[in-house]
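After the sequence you'll find the predicted model.
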Amino acid sequence: DTGGSVLDENHRDQGSLLTMSAMLSQEGEDYWGAEFVTWDSGQRRERRLGKGDAILFPSEKRHNVKQVRGDRRCIIMELWEGPANR
């Protein structure tokens with residue numbers, strides 16, 4: 001099966017400070033494709049994340065995921081600024 005992707009080159013997580021994506025699936029066994037893409041100084045950079053790998057980046061950084069085949073599972077966490085807990 002062919003799954004989804006986030007192919008919008010201008011995609012950003014708006015409002016949060018930091019975003020973390022942690023991979024729960026193993027590429028080549030559970031899924032194929034799904035390279036994590038960011039842009040650094042206008043240059044496209046692709047990263048492959050293995051099971052247990054995570055990437056942490058400023059939420060406003062442009063990023064997306066290439067097309068996925070199979071069952072790719074990950075945890076996405078966004079950290080937000082807010083009032084202190086009491």
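Structure's in. What do you need?

For residue 50, see how far away residue 30 is.
Counting by C-beta to C-beta, to the nearest Å, the gap from residue 30 to residue 50 is 11 Å. Glycine gets a C-beta too; all of them are placed from N, C-alpha and C.

what about these two, which has more around it?
residue 30 (14 against 10; other C-beta atoms under 10 Å).

What ranges in this protein fall below the confidence cut-off?
Applying pLDDT under 70 to the chain flags the ranges 1-6, 85.

What about residue 12, how many residues nearby?
15.

Buried residues, stretch 69-84. List them.
Across stretch 69-84, burial judged by 16 or more other C-beta atoms under 10 Å covers 70, 72, 74.

Check stretch 43-62 too.
49, 59.

ok, so of the buried residues of stretch 69-84, who is nearest residue 21?
Nearest to residue 21 among the buried residues of stretch 69-84, counting by C-beta to C-beta, is residue 74 at 5.5 Å.
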